[in-house]
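Undergrad: here are the coordinates; sequence isn't available:
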């Protein structure tokens with residue numbers, strides 16, 4: 001969380017996390033779908049995606065969920081533990097888009113923080129949600 005300046009003192013409600021910009025490539029969309037065993041044609045076949053009304057293939061929710069998790073662990077460090085991820089998809093991510101993830105710490109209770117996350121692309125909000133994260137140093141007593 002060095003970019004937000006909260007690493008030395010720990011996160012506080014209201015802290016803004018530094019953004020993460022993710023270029024949305026065809027390879028990212030297809031690789032994410034395959035890695036998550038989502039073989040829906042709209043995630044890998046542009047022609048079939050167009051037949052179903054989409055301008056191109058689009059990212060699946062599992063890839064988005066993974067990117068949200070990466071965003072949080074990149075900001076809180078490799079020892080941070082994702083406790084709960086609740087997301088909702090909006091505008092689709094198509095090849096050529098750029099998604100920018102941003103986050104705001106909304107609550108801190110001991111070694112647990114809740115972060116409001118928004119991922120936006122050229123069409124609007126691709127993803128919105130909250131992540132509950134166990135902060136480094138959290139140990140069972």
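TA: Yep, that arrived. Predicted, not measured: the structure shown is a model, and the values here were computed from it.
Undergrad: what's the helix or strand for the residue nearest in space to the middle of the chain?
TA: Nearest to the mean C-alpha position of the chain, counting by CA atoms, centre = their mean, stands residue 68 at 1.8 Å. Taking DSSP states H and E as the criterion, residue 68 maps to helix 61-76.
Undergrad: check which residues of that helix are buried.
TA: Across helix 61-76, burial judged by 16 or more other CB atoms under 10 Å covers 63-65, 67-69, 71-76. Yep, even glycine has a C-beta here, placed from its N, CA and C like the rest.
Undergrad: same check, this time on stretch 109-125
TA: For stretch 109-125, by 16+ other CB under 10 Å, it's 113-115, 117-121.
Undergrad: quick one: mean pLDDT over it.
TA: Averaging pLDDT along stretch 109-125 yields 97.
Undergrad: what lies in contact with it?
TA: For stretch 109-125, contacts defined as CB atoms under 8 Å, 6 or more residues apart in numbering pick out 11, 17, 22, 24, 64, 67-68, 71-72, 76, 83, 87, 90-93, 97-108, 126-135, 137-138.
Undergrad: sorry, back to before: among the buried residues of stretch 109-125, which are in strands?
TA: 113-115, 117-121 (DSSP state E).
Undergrad: tell me the SS of residue 48?
TA: helix (DSSP: H, G, I helix; E, B strand; the rest coil).
Undergrad: next, count neighbours for it.
TA: 13 (other CB atoms under 10 Å).
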